[in-house]
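**Q** Mind folding the following:
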Amino acid sequence: MDIIIAPTGGIRCVYDESIDLSSLGQVSIRRGSHVEPTSDGQWTADLSPVNGPMLGPFAIRSDALSAEVTWLRDHWLIPGG
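**A** The predicted model follows:
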């Protein structure tokens, strides 16, 4: 898990269960995207909750999830990075 700690002490990460985030302080978790099936059985990753694009379609859900995490790490985790 990549964890970014701002000079103000705030922490930003793409959530997974590798560590207990509550050990770092008060936790506020919000959705970064919606990975959903399309009407024709494909998958998309809608990153609008973080002002991002719609990714896909992908043939399998795991590809949509992988694209979601990659986009969040590249564009949201480190703003302007």
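
**Q** give me the low-pLDDT residue ranges for this structure?
**A** The model of the chain has pLDDT under 70 over residues 79-81.

**Q** Please, where are all the helices along it?
**A** For the chain, the helices defined by DSSP state H occupy 61-71.

**Q** residue boundaries of the strands in it?
**A** Counting by DSSP state E, one finds strands in the chain at the ranges 3-5, 11-13, 34-37, 43-46, 54-58.

**Q** which one of those lies closest to Ser28?
**A** strand 11-13 (9.8 Å; CB to CB). C-beta coordinates here come from the backbone N, C-alpha and C atoms, glycine included.

**Q** next one: that closest one to chain centre, how far?
**A** 11 Å (CA atoms, centre = their mean, to the nearest Å).

**Q** Please name the strands paired to that strand in the sheet, noting orientation.
**A** Counting by DSSP bridges, the strands paired with strand 11-13 are strand 3-5 (antiparallel).

**Q** I figured Arg12 hits Leu72, correct?
**A** No: the criterion here is CB atoms under 8 Å, and Arg12 misses it with Leu72 at 10.0 Å.
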